[in-house]
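S.K.: Show me how the following folds:
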Amino acid sequence: MFKIGDFSRIAHVSVKTLRHYAQEGLLEPVWIDRYSGYRYYTLDQLTHLNRILALKDLGFTLDQINHLLKSGVSADELKGMLRLKRVELKQHVHEEQQRLARIEKRLEQIETEGVSSGNVVLLKPIQTSFIAWAHSRAASIDQADDAREGLRQLIFNWCADQHIRITGQWFSLLKDVSFDDRKVELHLGVQVELNPAAKKKPTAGPIHLSQLAEIPLAACLLGGTVGQLPQAELLNWIEINGYHACGETRLIYLGETPETPLDKRLIEIQVPVRCGTERDEKNNNKEQKMEPVKFETLPAFKVMGMKYRGKNENGEISDMWGVLNPRCAEIPAVGQCAYGVCMMESNAPDGVFEYIAGFKVASDAVPPEGMVVVDVPENKYAVFEHVGSKETLMNTYHLIATEWFPRSGMQPVGGFDMEIYDEYFKHFAPDSVMYIYEPIK
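M.R.: From the prediction side, this is the model:
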């Protein structure tokens, strides 16, 4: 699973647009971390997103798109509509031709869904190197190629003026920023060799000299040209093979001659990775292996209790349990377990969720004053055990989202999860045990 910013960069869609689609019920995140508010998406959702964007460029409203997708518009029907629109767009001027290019790109993505490029992913170390690099910004995605080529010429001329020899391929660094088609960040560099006999240091300016860090292990895929990179294919390979991306992606421009424009060159994608069992670079502790204690299917039932809405920044949920517990006798509970049902809304502000603290009741139970009843739908659950303090509960949820779900191949249903407290729960003492029920599909 990928955070919304990472997914936005892969899909070439802004974070604002993804949030709007979630509010409209078109494309909701598969997971929302209630502690951090982070929204997570999967690569499988690119298929659905491509259809939304294609239909949007065809002129349909979001309500119409929602209706078409729910009615099951086929890929052939979608391609047929796109081709009809292509004929119309070819009659327009330059501005409309740019719109046509976007439709062509989405059409290509739809036609190649699930189709591998046929290239082999290689795992290899990348040596450290001395580089000359520069940063620029294009006003739009359509101007990115010209801006990148301008950067290359700037670096090339500077190296010539400073008598610095270019010894390697040109490359781009993809910084950890979300996609924005109106503000494209460009980081371009080239491997160089300094002249040890030079009597003076290179002059300062827009070009920087630095040591590019080595990559102990990188997943590398020979892709297409700019704008046609199988980046999603490489990231999918990384995920299903148990690796984790752990650094900036590099795009290496492979050209036969120095004069070949960068946008015409074949590109190798290099993503730094680490094995899921390796030591995390940011943590001295060995990464925990998260596994469910069981899988369980529960029928629909009702929970009666008190409801909180917010970010739980000041421990409001614990306080609410403190108010509820003295009133337990007012609840006609079925069974001895307590339930904490967390409801996540895709259009809620970041970090805001609803939490219902209560007990399972019969379907005809009537809540007393100050309490509510919520329906928990029938679901299959992956059940995880959390042992110990409340302070480490966030880490358990984080491992479920980032370590177990990607490795398991399963997906969260989304929208809610719940906690169950039985006789082994001891108010977060060191030996206290509680269970996290994650709905899966």
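
S.K.: Can you give me the neighbour number for residue 263?
M.R.: 15 (other CB atoms under 10 Å). Backbone N, C-alpha and C define where each C-beta goes, glycine included.

S.K.: got a list of contacts for stretch 301-310?
M.R.: Identification of contacts with stretch 301-310 by CB atoms under 8 Å, 6 or more residues apart in numbering yields 316-317, 320, 323-324, 331-333, 339, 341, 352-363, 365, 367, 370-376.

S.K.: Tell me where the stretch 51-200 of the chain has strands.
M.R.: 122-126, 129-138, 165-174, 184-193 (DSSP state E, counting those that start in this stretch).

S.K.: Go ahead and confirm residue 43 touches residue 236.
M.R.: Yes: Residue 43 is within contact range of residue 236, at 5.1 Å (criterion: CB atoms under 8 Å).

S.K.: The strands of the stretch 51-200 of the chain: which one's closest to residue 390?
M.R.: For residue 390, the closest of the strands of the stretch 51-200 of the chain is strand 165-174, at 37.8 Å, according to CB to CB.

S.K.: between the closest one and strand 184-193, how many degrees?
M.R.: 150 degrees (axes from the mean of the first three to the mean of the last three CA atoms, to 10 degrees).

S.K.: Mind listing what's buried along strand 165-174?
M.R.: 166, 170, 171, 172, 173 (16 or more other CB atoms under 10 Å).

S.K.: Which single one of these is nearest to residue 5?
M.R.: When the buried residues of strand 165-174 are compared against residue 5 (criterion: CB to CB), the nearest one is residue 173, at 16.2 Å.

S.K.: And what about residue 327, helix, strand or coil?
M.R.: Following DSSP: H, G, I helix; E, B strand; the rest coil, we place residue 327 in the helix state.

S.K.: Tell me the spacing between the spatially closest residue to residue 377 that is not a sequence neighbour and residue 141.
M.R.: Once flanking residues are discounted, residue 377 sits nearest to residue 300: 5.3 Å by CB to CB, 6 or more residues apart in numbering. Residue 300 sits 47 Å away from residue 141, going by CB to CB, to the nearest Å.

S.K.: ok, the two, which is more surrounded?
M.R.: Neighbour totals were compared for residue 300 and residue 141, and residue 141 leads with 18 against 10 (other CB under 10 Å).

S.K.: correct me, but the more buried one touches residue 185?
M.R.: No: if you go by CB under 8 Å, residue 141 and residue 185 don't touch, sitting 11.4 Å apart.

S.K.: burial measure for residue 208, as a count.
M.R.: 14.

S.K.: How about it: which residues does it bridge to?
M.R.: residue 133 (DSSP bridges).

S.K.: wait, what's in contact with it?
M.R.: 132, 133, 134.

S.K.: Quick check: nearest residue in space to residue 344, chain neighbours excluded?
M.R.: residue 32 (4.4 Å).

S.K.: Please report the distance of the one you found from residue 397.
M.R.: Counting by CB to CB - residue 32 and residue 397 are separated by 11 Å.

S.K.: Counting neighbours around each, name which of those two comes out higher.
M.R.: residue 32 (27 against 20).

S.K.: follow-up on the earlier one: kindly indicate which of the contacts of residue 208 lies nearest residue 415.
M.R.: For the contacts of residue 208, the nearest to residue 415 is residue 133 (44.4 Å; CB to CB).

S.K.: Could you report the neighbour count for the closest one?
M.R.: Neighbour tally, residue 133, other CB under 10 Å: 20.

S.K.: again, but for residue 424
M.R.: Count around residue 424 with other CB under 10 Å applied: 12.

S.K.: quick one: contacts for it?
M.R.: 432, 433, 434.

S.K.: Which one (most neighbours) among the residues you listed?
M.R.: Counting by other CB under 10 Å, top hit in those: residue 434 with 23 neighbours.

S.K.: Counting by contacts, list what the helix or strand encompassing that one packs against.
M.R.: Using DSSP states H and E, residue 434 falls within strand 433-440. In this structure, strand 433-440 packs against strand 294-298, strand 379-387, strand 416-421, with contacts taken as 3 or more CB pairs under 8 Å, 6 or more residues apart in numbering; DSSP states H and E.

S.K.: So for that strand, mean pLDDT?
M.R.: For strand 433-440, mean pLDDT rounds to 95.

S.K.: May I have that strand as CSV, with CA atoms only?
M.R.: Extracted C-alpha coordinates of strand 433-440, given in CSV (Å, rounded to 0.1, in the frame of the first residue of the first chain):
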residue,chain,number,x,y,z
VAL,A,433,-4.0,-8.5,25.7
MET,A,434,-6.5,-7.0,23.3
TYR,A,435,-7.5,-8.0,19.8
ILE,A,436,-7.6,-5.9,16.6
TYR,A,437,-10.1,-7.1,14.0
GLU,A,438,-9.3,-5.9,10.5
PRO,A,439,-12.0,-6.5,7.9
ILE,A,440,-10.4,-8.1,4.8
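
S.K.: got the contact list for it?
M.R.: 292-293, 295-296, 298, 379-387, 396-397, 400, 410-422, 424-426.

S.K.: now the angle between strand 379-387 and that strand, please.
M.R.: Using the same axes, to 10 degrees: strand 433-440 against strand 379-387 is 150 degrees.

S.K.: roughly how far out does strand 433-440 sit from the chain middle?
M.R.: Computed by CA atoms, centre = their mean, to the nearest Å, the separation of strand 433-440 from the middle of its chain amounts to 23 Å.

S.K.: tilt between it and strand 294-298?
M.R.: Going by the same axes, to 10 degrees, strand 433-440 makes 70 degrees with strand 294-298.

S.K.: so residue 211 sits right up against residue 132, yeah?
M.R.: No: the criterion here is CB under 8 Å, and residue 211 misses it with residue 132 at 11.6 Å.

S.K.: which of those two has more neighbours?
M.R.: Legend: neighbour count by other CB under 10 Å for residue 211 and residue 132, higher for residue 132 (22 against 9).

S.K.: what stretches of the stretch 51-200 of the chain score poorly on pLDDT?
M.R.: In the predicted model, the stretch 51-200 of the chain carries pLDDT under 70 at residues 89, 91-99, 101-102, 105-106, 108-119, 176-179, 181, 196-200.

S.K.: Try it again at 50.
M.R.: Across the stretch 51-200 of the chain, nothing is flagged by pLDDT under 50.
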